[in-house]
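this one's sequence-less:
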């Protein structure tokens, strides 16, 4: 028995110690808690020996009990502190170590879960120069010096090739420790840096996309005014050519005007293609057949000194595209590849199928699904990163003045986007360039892909046909009037919609056809035609505009059954659509 009650959890240990002393003849020693009469709890250290009689039978135990409360409290406090520190360290996913001012490791802690930190047994006593690559070690030495000099935290990042050949990113946080040492916490930030790089890439893609959209809107707006100017220039030049059939010298000058004007019109079309505002006529087609047809045409243009290798996918690749745009796309990419090769080289053209998943980061602009993939690769000089970043910008070119407009790849970009696809270019200087184009794969290719051209009967109807031309640009109004009159039509002109309405309300003014601009003051062309047809229900009409196709479509003027001609147009195109419209119902020509 003891004077004071023993804590229940200590009693069993006390009893076991006493029993062992009796049975084995060893000293009884134990630390335990007791509750004193005043209610205080004390730690005691009990030491005793068993006293036996002559026969060796235990008769009593004699010993001492010492109050060790202060020492035990200190020990328990130290133990709790060490346990807390250990738990704290285990919870930190960092490598922690201590370095002296010379970069010698004095102490370290490596998380058990962190397998990327190796050679822990070799750390203490080693220098940073022995454990790390020279450039990283130099960074550590510099940071140690700055940390100790300024008595402030130093934070720096570095990459390290580990023993398993994996490249990891680390962040080191260094703080002063004493006068000549620093504590360093090193964290593996590989996943964070990768996510950061992906976010930056997506941000760059978004910024690039927004920039291209802004340039596209500008291009579309410029194209309208430019097309109106070209209409006046080309129209007057064509009329002049018709009247100068016997004057070869002057006719030569006119031909030069026409040639330059047509080249300008082509530039406008390329701008509209980049801006994705061309009129698109998609049809079902096999991508393999489209590519092969274009390659057959291009081989002679590319030249015999360059080898073209064609590797089509073994089955049809049905796509829904504008075939004329596809010809332009392939032609521009192939000619760019030819220019990159110079004297000799190889161009490889291949098609395949690409599966895009919902989490596919490599095809950020594509929705989930199957795509027909066209890759055109050359082994030419390649491009630098700075050039690659601007390669789709209109008017950006690395060619000499007069050798290129800088619109080829801009047109490719816009046309591919307009056909609901994606285009990407990868290139390495000295190793060549690859252009990858992905277009949505369709379920099947229709049995017949032929398109029947409208049957235009050129029987002379001009002696009785009367055309009302409505156009707010005086120069265009004049040239269209002269062109139609030259072809024998009777022409009435109106510079405003209200003037056109006044003409039609005059019962004596017979009108067979209205040729009207779309965007005008007072009202647009569609509204004007609706008002005119209130007076004459059988009135035929043709819309014309220099605005991009998407603006016209927003007005509902490119739907089936609508006749539309895009500026700038030539004499033949104008007379053909007028002739067809007079002969047939409004069946739709664009």
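Looks like it came in fine. Note that the structure is a prediction, hence the values are computed from the model and not measured.

find the nearest non-adjacent residue to residue 43, please.
residue 72 (3.9 Å; CB to CB, 6 or more residues apart in numbering). In short, each C-beta sits where N, CA and C put it, glycine included.

how far out from the middle of the chain is the helix or strand where residue 293 lies?
For residue 293, the element it lies in under DSSP states H and E is helix 287-302. Distance of helix 287-302 from its chain centroid, counting by CA atoms, centre = their mean, to the nearest Å, is 29 Å.

for residue 501, see how far away residue 530 is.
11 Å (CB to CB, to the nearest Å).

neighbour count winner among those two?
residue 501 (18 against 10; other CB atoms under 10 Å).

my read: that one touches residue 531, true?
Yes - the pair residue 501 and residue 531 passes the contact test of CB atoms under 8 Å, sitting 5.9 Å apart.

pull up the overlap in contacts between these two.
The contact sets of residue 501 and residue 531 do not overlap (CB atoms under 8 Å, 6 or more residues apart in numbering).

before we move on, the earlier item: does the residue nearest to residue 43 count as helix, strand or coil?
helix (DSSP: H, G, I helix; E, B strand; the rest coil).

per-residue confidence at residue 291?
At residue 291 the predicted local confidence, pLDDT, stands at 91.

so what does the helix holding residue 293 touch, helix or strand wise?
Judged by 3 or more CB pairs under 8 Å, 6 or more residues apart in numbering; DSSP states H and E, the packing partners of helix 287-302 are strand 306-311, strand 318-321, helix 323-341, strand 345-356, strand 369-378.

now tabulate those in a markdown table and tack on distance to residue 41.
Listed next are those as a markdown table, based on distance: least, CB to CB, whole Å:
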| stretch | distance to residue 41 |
| --- | --- |
| strand 306-311 | 88 |
| strand 318-321 | 86 |
| helix 323-341 | 88 |
| strand 345-356 | 71 |
| strand 369-378 | 74 |
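
residue 515: which of the ones you listed is closest?
Shortest distance between residue 515 and the helices and strands packed on helix 287-302, using CB to CB, is found for helix 323-341: 25.1 Å.

list the buried residues for that closest one?
By 16 or more other CB atoms under 10 Å, the buried positions in helix 323-341 come out as 323, 325-334, 336-341.

packing partners for that helix?
Under the contact definition 3+ CB pairs under 8 Å, 6+ apart, helix 323-341 sits against strand 283-286, helix 287-302, strand 306-311, strand 345-356, strand 369-378, helix 408-418, strand 432-440.

so how many other residues sit close to the closest residue to residue 71 other than its chain neighbours?
Spatially, and ignoring its direct neighbours in sequence, residue 71 is nearest to residue 43 (7.9 Å; CB to CB, 6+ apart). Burial of residue 43 is recorded as 19 neighbouring residues (other CB under 10 Å).

separation between residue 43 and residue 182?
Taking CB to CB as the measure, residue 43 and residue 182 are separated by 41 Å.

with residue 239 instead?
The value you get for residue 239 to residue 182, if CB to CB is used, is 87 Å.

who has more neighbours, those two?
Neighbour count, other CB under 10 Å: between residue 239 and residue 182, residue 182 has more, with 24 against 18.

roughly how far out does the strand or helix carrying the more buried one sit from the chain middle?
Using DSSP H and E, residue 182 maps to strand 181-188. Here the centre of strand 181-188 is set off from its chain's centre by 37 Å, with CA atoms, centre = their mean.

same for it, what does it pack against?
strand 94-100, helix 134-150, strand 167-177.

any idea which of those is most buried?
Compared across the helices and strands packed on strand 181-188, strand 94-100 shows the largest average neighbour count, a mean of 19 (mean count of other CB atoms under 10 Å).

tell me which other helices or strands the helix or strand harbouring residue 582 touches.
Secondary structure from DSSP H and E places residue 582 in helix 571-583. Under the contact definition 3+ CB pairs under 8 Å, 6+ apart, helix 571-583 sits against helix 190-243, helix 474-486, strand 513-517, strand 540-545, strand 564-566.

any idea how far the residue lying closest to residue 325 once chain neighbours are set aside is from residue 439?
Nearest residue to residue 325, sequence neighbours excluded (CB to CB, 6+ apart): residue 415, at 4.4 Å. Distance, residue 415 to residue 439, by CB to CB: 11 Å.

these two: who's more crowded?
Legend: neighbour count by other CB under 10 Å for residue 415 and residue 439, higher for residue 415 (27 against 24).

how close does that one get to residue 326?
Taking CB to CB, one finds residue 415 at 8 Å from residue 326.

same question for residue 76.
82 Å.

tell me the gap between stretch 58-67 and the middle of its chain.
Taking mean C-alpha positions (CA atoms, centre = their mean), stretch 58-67 and its chain are 85 Å apart.

how about the nearest residue to residue 238, chain neighbours excluded?
residue 571 (4.9 Å).

equivalent analysis for residue 155, please.
Of all residues not flanking residue 155 in the chain, residue 173 sits nearest, at 5.3 Å (CB to CB, 6+ apart).

now do the contacts for that neighbour.
Taking CB under 8 Å, 6+ apart, one finds 153, 154, 155, 184, 185, 186, 187 in contact with residue 173.

and for residue 429?
If a contact means CB under 8 Å, 6+ apart, then residue 429 has 381, 382, 383, 384 as its contacts.

with residue 104 instead?
Residue 104 makes contact with 125, 126, 127 under the criterion CB under 8 Å, 6+ apart.

does the second one touch residue 102 like I think?
Which is residue 126. No - applying CB under 8 Å as the test, residue 126 and residue 102 come out as separate, 11.5 Å apart.

distance to residue 229 added to the helices and strands packed on helix 323-341, as a markdown table?
As requested, the helices and strands packed on helix 323-341 are arranged in a markdown table below (distance: least, CB to CB, whole Å):
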| stretch | distance to residue 229 |
| --- | --- |
| strand 283-286 | 33 |
| helix 287-302 | 31 |
| strand 306-311 | 39 |
| strand 345-356 | 38 |
| strand 369-378 | 36 |
| helix 408-418 | 21 |
| strand 432-440 | 34 |
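
so how many other residues sit close to the spatially closest residue to residue 307 that is not a sequence neighbour?
Sequence neighbours aside, residue 346 is the residue nearest to residue 307 in space, at 4.9 Å (criterion: CB to CB, 6+ apart). Per other CB under 10 Å, the neighbour tally for residue 346 reads 15.

check residue 6 too.
Residue 6: 19 surrounding residues under other CB under 10 Å.

how far away is it from residue 511?
Distance from residue 6 to residue 511, by CB to CB: 121 Å.

now residue 223
Taking CB to CB, one finds residue 223 at 31 Å from residue 511.

return the helix or strand in the chain with minimum mean pLDDT.
Counting by mean pLDDT, DSSP states H and E, the chain has its least confident helix or strand at helix 549-554, which shows a mean of 60.

distance from stretch 342-358 to the middle of the chain?
A distance of 19 Å separates the centroid of the chain from that of stretch 342-358, by CA atoms, centre = their mean.

list the buried residues for that stretch?
Of the residues in stretch 342-358, those buried (16+ other CB under 10 Å) are 345, 347, 348, 349, 351, 354, 356.

appreciated, that's everything.
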